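Asks: Give me a 3D structure for the following:
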Amino acid sequence: MKEGHTEKDAKFIEKFADANFDPSKKMICAEDAGLGAGENALKNSGRVLKSLAKNEKFQEALKRVNVDYDKLANKIKDLLDAESPMFEGKPDNFIQHKTLETAIRVMDLNPAQKLNIDKTEHHDIVISMEAVERLNRYSKMIQEEENIIDAEPVALPE
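Replies: Numbers count the residues shown, from 1 in each chain. Predicted coordinates:
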C-alpha cells in the first residue's frame with residue numbers, strides 16, 4: 001500500500017483493476033471498497049486515482065491487465081458515446097463526463113498551470129437627478145450637524 005493510502009483506498013484500487021479500470025464502474029468499485037456513497041464515493045475515488053497517476057506500480061498494474069493508451073482510447077470512445085439506460089437514444093451525460101474526467105486523471109493530462117480567468121464584472125449605475133439632489137441635501141445636513149457645538153458648563157474640580 002502506498003504511503004498516504006488507507007486500506008479502503010487499496011481495496012478500491014484492487015476492485016477498479018479487477019473491473020479493467022472501466023470508468024463506468026468506478027463509483028460501484030468505490031462504494032464496494034467503502035469510500036462512501038454516491039458523490040462522496042466519486043470524490044474519494046477521484047482523489048485516489050489522482051494520487052496514482054504518476055505512481056509506477058499503478059502504471060505496471062495497468063500494463064499487467066493489458067490496459068494501454070489504445071485500450072483506454074477505445075473505452076473512452078465507447079463511453080463518450082454512451083446512451084442513457086432510461087431514455088433510449090439520448091446521451092448519458094453523467095457517464096460521458098465522468099469518463100472524460102477519469103481518462104484525464106489516469107493519463108495525467110491536466111495542465112501543470114491553471115488558467116487565470118478574470119471574472120470581474122462591470123456594471124453601470126444610473127442615478128436620477130432627484131436622488132443626487134437628496135444626497136447633496138443629506139450631505140449638507142450632516143456637515144451642518146458636525147459644525148454645531150453642544151456646550152454645557154462644566155465645573156472643574158480643585
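Asks: Can you give me the buried ones in the helix or strand of the chain with the lowest mean pLDDT?
Replies: Using mean pLDDT, DSSP states H and E, helix 56-64 stands out as the lowest-scoring helix or strand of the chain, at a mean of 75. Within helix 56-64, the residues that count as buried by 16 or more other CB atoms under 10 Å are F58, A61, L62. Yep, even glycine has a C-beta here, placed from its N, CA and C like the rest.
Asks: what's the distance between the second one and D22?
Replies: The spacing between A61 and D22, counted by CB to CB, to the nearest Å, is 14 Å.
Asks: What segments of the protein are helices?
Replies: Assigned by DSSP state H, the chain shows helices spanning 7-18, 26-32, 39-52, 56-64, 69-80, 93-106, 129-147.
Asks: Would you mind measuring from the residue nearest to the spatial centre of the chain to K50?
Replies: For the chain, K43 is the residue whose C-alpha lies nearest the centre (CA atoms, centre = their mean; 9.3 Å). The spacing between K43 and K50, counted by CB to CB, is 11 Å.
Asks: cool, and D81?
Replies: 25 Å.
Asks: try N136
Replies: As for N136, its distance to K50 is 59 Å (criterion: CB to CB).
Asks: quick one: which of the two has more around it?
Replies: When neighbours are counted by other CB atoms under 10 Å, N136 and K50 differ, and K50 comes out ahead with 14 against 10.
Asks: Now do the contacts for that one.
Replies: Applying CB atoms under 8 Å, 6 or more residues apart in numbering to K50 gives the contacts R105.
Asks: Report pLDDT for it.
Replies: The model reports K50 with a pLDDT of 76.
Asks: Low-confidence ranges, this structure, go.
Replies: Residue ranges of the chain with pLDDT under 70: 1-4, 53-55, 106-108, 110-116, 146-151, 153.
Asks: run the last query once more with 80
Replies: Along the chain, the parts satisfying pLDDT under 80 run over 1-6, 20-21, 23, 39-40, 46-62, 67-69, 72-73, 75-76, 102-119, 144-158.
Asks: Look up how far E152 lies from the residue of the chain most remote from its centre.
Replies: Centroid-distance maximum for the chain: E158 at 72.1 Å, with CA atoms, centre = their mean. E158 sits 19 Å away from E152, going by CB to CB.
Asks: Thanks a lot, see you next time.
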